[in-house]
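Visitor: 3D model of this:
(2 chains)
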Protein chains: 2
Amino acid sequence: MYRISKPTLFVDCKRVVKNIERMFTKARKSNIRFRPHFKTHQSLLIGRIFRDFGVKAITVSSLDMALYFSRDGWNDITVAFPVNILEIDKVNFLASRINLNLLLDSKDAVNLLSKRLLYKVNIYLKVDTGYGRAGIYYKDVDNFKKIISLLKNQSKIQLKGLLSHFGNTYYAKSVAEIRKIYSTSLNSLINLKSELMNLTDELEISIGDTPSCSVIDDFKGIDEIRPGNFVFYDYKMLSLGVCRERDIAIAVGCPVVAIYKERNEVLAYCGAIHLSKDSVNLNGKEIFGIPVKRLLSGWAKIKYGNIVKSISQEHSILKLSDNFMNSLKIGSIVFIIPVHSCLTADCMKSYITLDGRLFDHM
Amino acid sequence: MYRISKPTLFVDCKRVVKNIERMFTKARKSNIRFRPHFKTHQSLLIGRIFRDFGVKAITVSSLDMALYFSRDGWNDITVAFPVNILEIDKVNFLASRINLNLLLDSKDAVNLLSKRLLYKVNIYLKVDTGYGRAGIYYKDVDNFKKIISLLKNQSKIQLKGLLSHFGNTYYAKSVAEIRKIYSTSLNSLINLKSELMNLTDELEISIGDTPSCSVIDDFKGIDEIRPGNFVFYDYKMLSLGVCRERDIAIAVGCPVVAIYKERNEVLAYCGAIHLSKDSVNLNGKEIFGIPVKRLLSGWAKIKYGNIVKSISQEHSILKLSDNFMNSLKIGSIVFIIPVHSCLTADCMKSYITLDGRLFDHM
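Guide: Model prediction:
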């Protein structure tokens, strides 16, 4: 394995390819568009793996990210974030060159956008099916109707459909609960669509969360899925039960700098600026990652009793089993499986493959 | 004020200068060395403000950060992290050029370092006075004695003193509790020193946390302080009672992208990749920052009832008062006071002064 001297984000490309293949195949079987969210990896090289599978449409979370990927030839991009009118120059630049899909969730946003658009864009109406973050609440049908009427007069804004993120699946307690959130939320979207179909010719349904997309096989009623996290998965997804341990495709390799045998703890050079400060509850305690042993060709399996107990800017304290403790000395490398791969990848800004090739990050 | 179109970290330089001046003066009155921690700002330009006050010695949290600041002429640097032996090449490079101070907390680390050192370094023994993160537990006097004996035979390693971080002050419930942690921890260090003084000629005491350094005026018994966060402070420090609101020197300016009047919430373009995911408990709820209004020349005062309620990769949901809600429309700029300025600065990677000058970040 590639030698390192400081915290380094490793990517297991074989797992990445399998994760993509699984989701790609699933989407194809349901005969729906696969528009993966690239905010998780933010990498041109990982993007090209998707392209090799035949993926042509992508999702991003900012206009800057749309610019980044458009420069690598991606020309059908959805910015899955209510449009930031202050970046209208980027909107116009992108709209002049690619098939740009934007999100709107108010009449005000339609009016602001229409005044300053120079080129044609497609838009999705963002629907809140109960997550309560962004979008128009699905029961507020009148609001949808008003916006659709307003859009009829816009020559540069083409309504494509309804888009939602069932983000409450991330807080589910079981796979059964994820399935329930999925079906309830999807029903809300389908009912909404049926109330609006007489006002417009076309109304796609686009959904996105990795938990739903991982556990649902039949995407009936849906036109497009936009999962992102699945490309790497992480400990959070494993604990939700939506991936297997062997699907987790990234881990941070980090140097052991001190060993405290008396408290079965190790100080690793790997902090909040590497892993992010995201945590998950394990047996009543918030933990910040799962330490595993290094292998010659990657990282070992998770063993019960090993956790990242606390985290500071550049430090983490690992609580380890006797067996794990005894395998380590100062200067050893430990791997940490992140709680939330999207944020860890964003913090780390680049990847090393297990054989030492450098992969870019935005 | 400088116009922005996406999340931007603003620094109020006047407040930075006042924060530095206050801590500098305090250290001078106690006749101790002021060795500020530069991990909070990680900026050459902010470093030069310290230099203008006459600061000559600094603290950093990684060897890379030591390299960064050494290139700007800093030549007395403590890396306040148990030395990472895998980066011995950087240690030797720095030790050949500057006065480099490292941390050790075990005999193993002494042995590993001594074998590969090419130039002389100073070291501090890291003492755990109860925080339980890194260092040798203060009661383990024998361990300190053994390490000091071992150091006697090392020509390239000069023992300078005992170094501790009273990190438990960050979890204190009141200023009185901070003072208590400070005096208890300092007493432990002073007692330890008295037990070790017959073994060595010199034994400085170096302490570092911003809460202690902010509320203590008389640093009797101490040779050096290493606070970092005080240069900006943040909402966490305000809630601990160790700074005043007018001392907080950074805030993230962020675009309003959607307004949800029915739930008194606003969607801001500013997420975990900008603020970090650090949180603080306010009235029983974890919050991720404090939204305040924009002013012509900076940001307004905190008003009760406005919080960053939740945060995703690039989104945050602000829960706002009616008054604040009514002042906003799509495209407005809101300021968010971070919970933890060190992590926010690390995420944002650059600063804009209130009049639009760009400040660097490592």
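Visitor: With just CA atoms, put the helix or strand where residue A:122 lies into CSV.
Guide: Per DSSP states H and E, residue A:122 falls inside strand A:121-128. Extracted in CSV, the C-alpha atoms of strand A:121-128 (Å, rounded to 0.1, in the frame of the first residue of the first chain):
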residue,chain,number,x,y,z
VAL,A,121,-33.1,27.0,-18.3
ASN,A,122,-35.2,24.1,-17.1
ILE,A,123,-36.6,24.3,-13.7
TYR,A,124,-37.9,21.8,-11.1
LEU,A,125,-40.2,22.9,-8.4
LYS,A,126,-38.7,21.9,-5.0
VAL,A,127,-41.3,20.0,-2.9
ASP,A,128,-41.1,19.5,0.8
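Visitor: Beyond that strand, next helix or strand please.
Guide: strand A:136-137.
Visitor: For the helix or strand following that next one, name the packing helices and strands.
Guide: Note on strand A:136-137: by DSSP H and E, the next helix or strand toward the C-terminus is helix A:141-152. On a contact count with 3 or more C-beta pairs under 8 Å, 6 or more residues apart in numbering or on different chains; DSSP states H and E, helix A:141-152 meets helix A:107-116, strand A:121-128, strand A:136-137, strand A:157-164, helix A:175-196. All C-beta spots, glycine's among them, are computed from the backbone N, C-alpha and C.
Visitor: Apply 6 Å and report the result again.
Guide: helix A:107-116 (3 or more C-beta pairs under 6 Å, 6 or more residues apart in numbering or on different chains; DSSP states H and E).
Visitor: Need the residues that contact the helix it packs on.
Guide: A:85, A:88, A:104, A:147, A:150, A:154, B:330 (C-beta atoms under 6 Å, 6 or more residues apart in numbering or on different chains).
Visitor: quick check: angle from that helix to strand A:157-164?
Guide: 150 degrees (axes from the mean of the first three to the mean of the last three C-alpha atoms, to 10 degrees).
Visitor: Which positions in helix A:107-116 come out as buried?
Guide: Across helix A:107-116, burial judged by 16 or more other C-beta atoms under 10 Å in any protein chain shown covers A:109, A:110, A:112, A:113.
Visitor: which among those residues gets closest to residue A:174?
Guide: residue A:109 (36.7 Å; C-beta to C-beta).
Visitor: if we can go back for a sec, can you name the two of the contacts of helix A:107-116 that sit furthest apart?
Guide: Longest span within these, C-beta to C-beta: A:88 and A:147, 19.1 Å.
Visitor: want to throw the contacts of helix A:107-116 into a markdown table with distance to residue B:227?
Guide: Compiled in a markdown table, the contacts of helix A:107-116 are given as follows (distance: C-beta to C-beta, whole Å):
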| residue | distance to residue B:227 |
| --- | --- |
| A:85 | 41 |
| A:88 | 43 |
| A:104 | 47 |
| A:147 | 52 |
| A:150 | 55 |
| A:154 | 55 |
| B:330 | 41 |
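Visitor: What about those, which one has the most neighbours?
Guide: residue A:104 (26 neighbours; other C-beta atoms under 10 Å in any protein chain shown).
Visitor: list the contacts for that one?
Guide: A:110, A:123.
Visitor: quick one, what contacts residue A:288?
Guide: A:279, A:308, A:311.
Visitor: which two in the buried residues of helix A:107-116 are spaced the farthest apart?
Guide: Using C-beta to C-beta, the two most remote members of these are A:110 and A:112, lying 7.5 Å apart.
Visitor: rewinding a little: so can I have JSON lines of the buried residues of helix A:107-116 showing pLDDT?
Guide: Output for the buried residues of helix A:107-116, formatted as JSON lines (pLDDT from 0 to 100):
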{"residue": "A:109", "pLDDT": "97"}
{"residue": "A:110", "pLDDT": "96"}
{"residue": "A:112", "pLDDT": "97"}
{"residue": "A:113", "pLDDT": "97"}
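Visitor: Tabulate those in a markdown table, adding columns for distance to residue B:132.
Guide: Formatted as a markdown table, the buried residues of helix A:107-116 follow (distance: C-beta to C-beta, whole Å):
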| residue | distance to residue B:132 |
| --- | --- |
| A:109 | 50 |
| A:110 | 55 |
| A:112 | 52 |
| A:113 | 53 |
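Visitor: about what we covered before: partners of the strand holding residue A:122, with directions?
Guide: strand A:99-104 (parallel), strand A:136-137 (parallel), strand A:157-164 (parallel) (DSSP bridges).
Visitor: Generate TSV for those, with mean pLDDT and distance to residue A:58 as supplementary columns.
Guide: Formatted as TSV, the strands paired with strand A:121-128 follow (pLDDT from 0 to 100; distance: least, C-beta to C-beta, whole Å):
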stretch	mean pLDDT	distance to residue A:58
strand A:99-104	98	10
strand A:136-137	96	24
strand A:157-164	97	14
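Visitor: looking at those, which is closest to residue A:195?
Guide: Using C-beta to C-beta, the strands paired with strand A:121-128 put strand A:157-164 closest to residue A:195, at 10.9 Å.
Visitor: Identify each buried residue in that closest one, please.
Guide: A:157, A:159, A:160, A:161, A:162, A:163, A:164.
Visitor: go on, stretch A:310-324?
Guide: Here stretch A:310-324 shows A:310, A:311, A:312, A:313, A:314, A:315, A:316, A:317, A:318, A:319, A:320, A:324 as buried, counting by 16+ other C-beta under 10 Å.
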